[in-house]
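Got a predicted structure here, sequence first:
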Amino acid sequence: KSASGTAKEIFIKDNKDIILKYGSYTACSLENPDWELTSTTTELYNDLDRGHAYNMILKYKNIPVFYSPFMSFPLSDKRQSGLLTPSFGSSGNGGSSLSLPYYFNLAENYDATAEITNLSDRGILFDNEFRYLGDDSSTLLNLSFLENDDEHGNDRYLYSFADKRQLYNNLQSSGTTLIGSTMYSSISYSRVSDLDYFDDFGSSLSTTSQSSVTRDIRLYGENYFKGGVIDYEISSLSYQASQPGVSSQYKTSPSIRLNISNYNQNDIIKYNLKTSIEEFKHKDNSQTEGTRYLAYPSIEMPIRKEGWELTPKLGVRYIDYNLSNNGAKQSKTTPIISLRGKLYFERYAGNNLYTLEPEAYLLYIPVGNQDSNPIFDSGIKEFKYSLFSENKFYGEDRLNDAKQMTLALTHRIIDEKSGDELFTGTLGQIIYFDDRDVHLVSNKKSHSDASNIIGLMNAKVSDYSSLSIGAVFNPHAGHGMRNTARYRYDASTESKYK
């Protein structure tokens, strides 16, 4: 945005430094500005790319509202070392607080931020963050430390390290296909001093409240060949509980995953082979431990025509366990059959395209009770993610028994000129043709003939903001189960909604 100013005297030195006497600065009209900055002396240093103002006064409607004897400021939008905006607040856990962050612009590809926070009831919290960006790597290091917490009585700390690297990349384009391989590594390690740390310091520089902190090492990549791709991952994952009441989780050491699929959109038949071998361990010796084996080949034949599409799919899923402290061994081979279809109705009105998209998803999985299988990493997905999903559980320890059909209706409004999606709304429900026997808890059966009804809506409010609303209605009880609304605004250049 344009700005202007005045000065009684202007001196320009041989080195292009500029000195202003009794100057003013405003982004408003010079004749009658709403606000302006004035100073007795302003020095603009060309080589340093910084300016110094002395006896600076901020005026609003010609009324002084702020005074500083000295102010240092950048002359461009380049990153520079300096004090960031202080913050203050109050909480029941730490009393009143005052935070002073300082940014260190160490080089073009690495920097650091240090923050000192004075907590009236606890002491001084030191918070540090270091970032490094290489040509093929990125590193993030965080350290937060409070010595001898006045309330807790012990040292409090959190440290974390994250590193991602590209180890190999020889991908080449051959017509419409890719040939070659990629390989990446990822290391993440965190440790927290105690279970109450995030409740007490969850808003500090390097922390976000979470129930567990993770430690994982991953080696992963892709190998493209003519007509297909192999993607793989070798990893080890463990957790440290960081909230009271959170139970210990299994760690995987190691986990090996391999998938093979074709990716050409013009292929009439698409195939996919999903495999994994994962060893699960627990620090509680009374918990079941062991190795899980999975193989899931599938084929699908998408048919896309103007105004409609239809995708039949057939797969066979095999899972087996080798359990170390439990004599039971459960292997299961299950066919999975699905048919998904969608219609497109379109109409132009003014500059917008209006669509109506009814959709149906028929799913058949004749799998039986799985209560004897352990639960290493499985849980129930949020309902909106399971509407068109083969499995309502995440992880691989449970596969839902499904004789069901999902029905949904989606409406979109699209700006014809820009292609922006101005509005999207979806209503959906699952119709069940049989009882369900597969659950996370044993000896449970579900009898309802239909799921809850879910409604999702997303609207573009402006170029930089959107509104999302979600609702879940229980038709059996006759009332809503969950309602959410989220408004998002982000005026950064990269965030413009499309």
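Yes, it's here. Residues are numbered from 1 along each chain as shown.

Stretch 241-250 spans what distance, first to last residue?
One end of stretch 241-250 sits 11 Å from the other (Cα to Cα, to the nearest Å).

can you pull the buried residues of that stretch?
242, 249-250 (16 or more other Cβ atoms under 10 Å). In short, each C-beta sits where N, CA and C put it, glycine included.

One more: stretch 159-169?
For stretch 159-169, a neighbour-count test (16+ other Cβ under 10 Å) marks 159-161, 163 as buried.

As a check, name the ranges of all helices in the stretch 301-450 of the chain.
Ranges of helices in the stretch 301-450 of the chain, per DSSP state H, counting those that start in this stretch, are 383-386.

Quick one: low-confidence residue ranges for the stretch 151-300 of the chain.
202-209, 265 (pLDDT under 70).

Looking at the buried residues of stretch 159-169, which are in strands?
Mapping the buried residues of stretch 159-169 onto strands (DSSP state E) picks out 159-161, 163.

picking up where we left off before, among the buried residues of stretch 241-250, which one sits closest to Y102?
S242 (27.4 Å; Cβ to Cβ).

hang on, that closest one packs against F201?
No - with contact defined as Cβ atoms under 8 Å, S242 does not count as touching F201 (11.3 Å).

Look up how far A53 lies from L140.
L140 sits 35 Å away from A53, going by Cβ to Cβ, to the nearest Å.

okay, now the closest residue to G134 other than its chain neighbours: neighbour count?
Distance criterion Cβ to Cβ, 6 or more residues apart in numbering; nearest residue to G134, sequence neighbours excluded, is N109 at 6.6 Å. N109 has 11 neighbours, counted by other Cβ atoms under 10 Å.

N109 touches D136, doesn't it?
No - if you go by Cβ under 8 Å, N109 and D136 don't touch, sitting 11.9 Å apart.

rewinding a little: for the residue nearest to G134, which residues are in contact?
Contact analysis of N109 by Cβ atoms under 8 Å, 6 or more residues apart in numbering lists 132-134.

Drop anything exposed from those residues.
The neighbour count (16+ other Cβ under 10 Å) marks Y132 as buried among those.

of all the contacts of N109, which comes closest to Y271?
Of these, the one sitting nearest to Y271 (Cβ to Cβ) turns out to be G134, at 37.5 Å.

ok, that closest one to A107 distance?
Computed as Cβ to Cβ, the G134 to A107 distance reads 11 Å.

Which member of the ones in strands among the buried residues of stretch 159-169 is positioned nearest Y25?
S160 (41.7 Å).

How about that closest one: what's its closest non-neighbour residue?
Spatial nearest neighbour of S160, excluding adjacent residues (Cβ to Cβ, 6+ apart): S190 at 3.9 Å.

hang on, the earlier thing: make CSV out of the buried residues of stretch 241-250 and add distance to I217.
Below are the buried residues of stretch 241-250 laid out as CSV (distance: Cβ to Cβ, whole Å):
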residue, distance to I217
S242, 20
Q249, 17
Y250, 16
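
how about JSON lines for those, with secondary structure and distance to N223 added?
Converted to JSON lines, these look like this (DSSP: H, G, I helix; E, B strand; the rest coil; distance: Cβ to Cβ, whole Å):
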{"residue": "S242", "secondary structure": "coil", "distance to N223": "37"}
{"residue": "Q249", "secondary structure": "coil", "distance to N223": "32"}
{"residue": "Y250", "secondary structure": "coil", "distance to N223": "30"}
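
picking up where we left off before, quick check: pLDDT value at the residue nearest to G134.
With respect to pLDDT, N109 scores 94.

Got phi/psi on it?
Backbone torsions for N109, taken as degrees, to the nearest 10, come to phi -110, psi 10.
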